[in-house]
Structures are given as structure tokens and as C-alpha cells.
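Engineer: please work out how this folds:
(one chain, ligands or ions: 1)
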Amino acid sequence: MRIILVGCGVVGRSFLSLLLKNKDYFVHSYGFNPRVVAIVDRDGAILHSRGLDLSRVLKVKEERRTVSADPEYGRPNLSALEVIRDVEADVLVEVTPTNVKTGEPAMSHIKEALKNKKHVVTTNKSIALALPALLELAAYNGVQLKFSGTVGAGMPVLDLARRLSGDRIISMRGVLNGTTNYILTAMEEKRMPFDEALKEAQKLGFAEADPSMDVDGIDTAVKLVILANSVMKRSVTLEDVSISGIRGVRLEDVMEASEKGFSIKLVGSVNKELVVKVNEVPKDDPLCVKGVLNAVTFSLEVAGDITISGKGAGGLETGSSIIRDLLEIRQAGLRA
Ligand code: HSE
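Structural biologist: Sure thing, here's the model as predicted:
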């Protein structure tokens, strides 16, 4: 499998380091030996049709800020769209920063790859702006669009939901944002002020480049839209979600709830309406997870409630979701 990686921030680099570290394991366990033939960051690209030396790429990125600074294989002026169109590859891995206002540059990258009959794996939540259209474009071109890392990162919530298809999902509730959950947990357990807890979450690499995405509930809403579309077949967009975040939550509210046996959580729910708002969740509810953990409870017609929880943010966790999706594409190819 030949891969083009577009975006070389925390997630992109984590993905590369996992490929490097677990190379033997992937070959041995799955016969999976991918070649990364191109990487694009903000300042250009690096190309090698036989597969890039990933330890060298990571070193160049760290020392010289851009992969295109590689003296032998670097191509400083090459754009992502040119690479996606012209480089021979099977899959585009798109991990540029999410932009829920315009969807760019991810939207253009993904469309270009699908039109050029390249599979796409993305962790970019901008897809929430046009998921049904993108899935249609993928199907039309006979390729796959995989995005399991957009919700839950390392926790395979979309994959679990697919396995629930024999039953009917009536509703769904989730703690879907690691940063706000980290902040609320730190406020409750360490009596830490909001700003200090946010700084810690940023240092640990969970928060979005613009933390208002997290604290104002937009990131949760975007994930809710992806879940509602892909799991509950609801054709909804961000505009259909009623959104409020955690800025108004005071330390005394958190402590008061805690004394009554509840924790304050930012919960996204899909019933008749799609809503993101703070809820008091009983401490013994499986949804009441701590720190950067995420959890989603599906309420099923027959089986009742099923909850999945796990680390919902972090570079390596999100990097592992990309490999999960690549393996699925490969399996489907082997079956075809
Ligand atoms: N900022 C997001 C979060 C990253 O904190 O959950 C993972 O989507």
C-alpha cells in the first residue's frame, strides 16, 4: 500500500512514529508493509516512490521544521493538491488541522484524492460539513473514505456502532471531548481553576489549536454530527445542533454537584434533537469517565444500553486510528 500523508503536525508525526516503531509487528501480524511515498507539510513536500525513510523524515522535520528541507528528496514548492493528483499512491492520509468554518484545506485535499480514485483516511473533523456528499463521491469513484479517528481517537466507537446494526439505536449520549473532560475532572479532583486546567490540557496536546473549539462545545458538536450521520443515518449538519460549552461552569457548581454524587460533564446527545450542553451525570453512570477519557452510550431497542469508553484524544491514540483504518482498507482489498 502506497501512502501520501498530508499534514505533519502532532497527529501526522505520531502516525509516522507508530509505523516506524511497529513495522515488524504489522508485517508479522497482518502482512501489512505500507510505503509512505510522499509527505506534505505547510512548506512543501518530500517524495520517494520506493518509500521514504521515516526516521530520516522525522529527524528533518524536527531539526529543520519542514520535511521539504531534506536535501535529496525535499520539494519545497510542491503543493498538497499537486502531490495528491500527480504522485502514484493508493491512499491519502489527511491530517491537516480541522477548520469547521470553511472545511479547508482538508475538503479540497479529500475531494481531489477521491476524484483521483485514491482511498482516503482522515482524522480531520472538517468532514462534518459535508459527510453525505463525500461518502457519495467515494462510492462513485469506487474507493473508501475512512474517518474512525474523528470521534474517540483510539477508541473505535464508529466501528462498534457498525457492529450494532442487527439492533436499532434509539438514542445516543457521549462525553466526546477530551479537553473539556480533562478540565472538568481537574476542577473537581484538584480544585483547579478553569484557566490552569486548560493550560495543562494544551501542554498535553489534547486541545485544538483554537481551544474555543473545545471549551465552547463545537468539537463535541462536530463529533455528534459525524456520529449521527454515520451511525444513526441522520442527515444533519452543525447548524442542527444546539450548542453550549463549559465556560460558565464555576468551581462551586462542580463541587456542589460532586457532594451530591454527580460530576459535571459536557454531554452530546442525539434524540429527536441534537444537543451539546453540560449535564450532571451520576458518578456510577458508565458515562462518568475521568480526565481525557471519552465515553459513548448507545441505547438500543433490544439490547438496552451499551457503553464504550477509552482515550478520546492524543497524538498517538489518533495515529493508531489511522492504522486501524488503513488495515480495514487493505482487508477489503484482499476480500475483493
Ligand atoms: N481537541 C479534541 C479533544 C481532540 O480534546 O477531544 C480529539 O478530537
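Engineer: with adjacent residues omitted, what lies nearest to residue 212?
Structural biologist: residue 218 (7.3 Å; Cβ to Cβ, 6 or more residues apart in numbering). C-betas here are computed from N, CA, C, even on glycine.
Engineer: residue contacts, the residue nearest to residue 112 when sequence neighbours are not counted?
Structural biologist: Here the nearest residue to residue 112 in space, its sequence neighbours aside, is residue 84; by Cβ to Cβ, 6+ apart that works out to 4.7 Å. For residue 84, the contacting residues are 4, 6, 92, 109, 112, 113, 116, 118, by Cβ atoms under 8 Å, 6 or more residues apart in numbering.
Engineer: okay if I get those residues as CSV plus pLDDT, distance to residue 266 and neighbour count?
Structural biologist: Shown next, in CSV, are the contacts of residue 84 (pLDDT from 0 to 100; distance: Cβ to Cβ, whole Å; neighbours: other Cβ atoms under 10 Å):
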residue, pLDDT, distance to residue 266, neighbour count
4, 98, 35, 26
6, 98, 30, 27
92, 98, 32, 28
109, 98, 30, 26
112, 98, 35, 18
113, 98, 33, 30
116, 97, 39, 15
118, 98, 36, 23
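Engineer: and the furthest pair within the residues you listed?
Structural biologist: 6 and 116 (13.2 Å; Cβ to Cβ).
Engineer: enumerate the residues of the stretch 201-336 of the chain near the ligand.
Structural biologist: Residues of the stretch 201-336 of the chain found near the ligand (Cβ under 6 Å from any ligand atom) are 206, 207, 208, 214, 219, 312, 313.
Engineer: the helices in the stretch 201-336 of the chain, which residues?
Structural biologist: Under the criterion DSSP state H, counting those that start in this stretch, helices of the stretch 201-336 of the chain are mapped to 212-215, 218-230, 251-259, 315-335.
Engineer: oh, that last question was meant for the stretch 51-200 of the chain, not what I typed.
Structural biologist: Remark: helices assigned in the stretch 51-200 of the chain by DSSP H, counting those that start in this stretch are 54-64, 80-86, 106-115, 131-140, 157-163, 178-190, 194-203.
Engineer: out of these, nearest to residue 70?
Structural biologist: Nearest of the helices of the stretch 51-200 of the chain to residue 70, taken as Cβ to Cβ: helix 54-64 at 4.8 Å.
Engineer: give the other helices and strands that the closest one contacts.
Structural biologist: Identification of packing neighbours for helix 54-64 by 3 or more Cβ pairs under 8 Å, 6 or more residues apart in numbering; DSSP states H and E yields helix 10-21, strand 35-41.
Engineer: spatially central residue in the chain, please.
Structural biologist: residue 150 (2.6 Å; Cα atoms, centre = their mean).
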